[in-house]
Every structure is written in structure tokens, then in C-alpha cells.
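Student: following is a predicted model, sequence given first.
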Amino acid sequence: GHRTWGYGLVKSYTTFKMSASVLEQLRQAHEEVETIEKAVAKLLADKAAHPKQHTQYDHAVHSLFDAIHNKSKQALDMYDDRDGMRKDELHFLGGSGTEGGVWLNFYDKVKEVKDYHRKFGEQNAAPDVRDAEVIATEAREQMKRTMEETFAPEEEGGRRVDLHAFYILYINLRKLKDHRLREHRNEVIARLKKKKRDAAKRRREKQAEEGGNAE
């Protein structure tokens, strides 16, 4: 089956456990880690030239760090050799266990690989080797799509935080809501009282004016 890097952001080179030796899987793991590291370096260099997309680049780099971590863990597991397969393979390649020595073991291994690919080659075709630039581009494009799905338009790709939902929750808290209702009620009462006082004052002024004219 296939192993993937990180969280599915970067596709993995396929590991053929049945056909590839443990040593070959280790070599491939080191090569993949080195390629991803070059992709990270490219993203960091491009980031300086695109200041408005810093957040997108930061997330893409973080995803590649996850990929490096996962691939390195796979390599460490093979170095731990808990099943003893790496040790057995080293002994085998060194000529141990057979009368023919190194060369007989080598040709036996070549025959084993050819037989396997003759039977299952179409199912386990080797993937295209991708360079660091391709990996960096894929990481950035995938992260761009992910961020568009994750952030609201108002958040501008993670540069801002949309707190509208939290604001609605805040203003509808029971104690705060009751306080706001009391404040509103007091303001309405104060306006009505002022309006009543103003009306009474105008009536007195009008009456005084009419009384003066009558004299």
C-alpha cells in the first residue's frame, strides 16, 4: 500500500515492502527527507518576495515539517530493526548463509525483484520522482485551497480574526442582557421625564406670556 507524508498534503513515493529491500527503503526515506527540506528552503525564499501571503507560506512550511517528521520516524523505525530484517539483509548481502557468497546472493536478489515485478509490476508501478520545486508548489497550492475553506473572507486568509460569532454570544449573555435591558429602560424613562418637564415648562411660559398680554 501507499504511505503518505504529513496530513496528505504531499504525496509519498510508494514503498514496495515486498519487492524493495529494507536498505532500499532507508535510502529512499533519506532521499525524500532531503527533497522536502529543499522544498522548505524554496518556500522560505519565496515568502520574502510575497509579503501579503506570509500566512499561506507559513502554513505550507509547517505542513512540510510534518511530512519530514513522519518520514524520519519511518526511517528511525527501520534503523531500530525490531523485526531483525535489516540485520538479516546485511548478513545476506555480505555473503553469509550460502556457499556462493556475495555474488550468488546478489543475483538471487535480482531474480527475486524481477519475478516480483513481472507478476505485480502494473499494480505497483514506481511513481514519478518529483523535485523540490514541484513539492513546494503543490504544498502552497494545497494550503491555499485549505485556507480558503478554513477562513472566512473577512479574515483575509488568516491575517485577521472574525470574532462576530463570539460578539453575538457575549452580548446575549443573561447578566449582560438583563443589564442592557435595564439601561435601555432607564434611558427611555429619563427621556420621557425630560420630555414631560420640557412640555410643562413650555406651558408655563405660554401661560405667563398670555397673562402679560391680557394686562
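Tutor: Ah, there it is.
Student: which strands and helices sit next to the helix-or-strand element of the chain with minimal mean pLDDT?
Tutor: Lowest on mean pLDDT, DSSP states H and E among the helices and strands of the chain sits helix 101-120, with a mean of 75. Under the contact criterion of 3 or more CB pairs under 8 Å, 6 or more residues apart in numbering; DSSP states H and E, helix 101-120 touches helix 85-93. To be clear about C-beta, it is placed using only N, CA and C from the backbone, and glycine gets the same treatment.
Student: tell me which helix or strand residue 162 sits in.
Tutor: Assigned by DSSP states H and E, residue 162 belongs to no helix or strand.
Student: surely it is in contact with residue 168?
Tutor: No - the criterion here is CB atoms under 8 Å, and residue 162 misses it with residue 168 at 11.6 Å.
Student: of the two, who's got more company?
Tutor: residue 162 (13 against 9; other CB atoms under 10 Å).
Student: next one: the more buried one from residue 196, what distance?
Tutor: 45 Å (CB to CB, to the nearest Å).
Student: what of residue 184?
Tutor: Applying CB to CB to residue 184 and residue 196 gives a distance of 19 Å.
Student: now swap in residue 203 and tell me
Tutor: 11 Å.
Student: now swap in residue 104 and tell me
Tutor: From residue 104 to residue 196 the distance is 113 Å (CB to CB).
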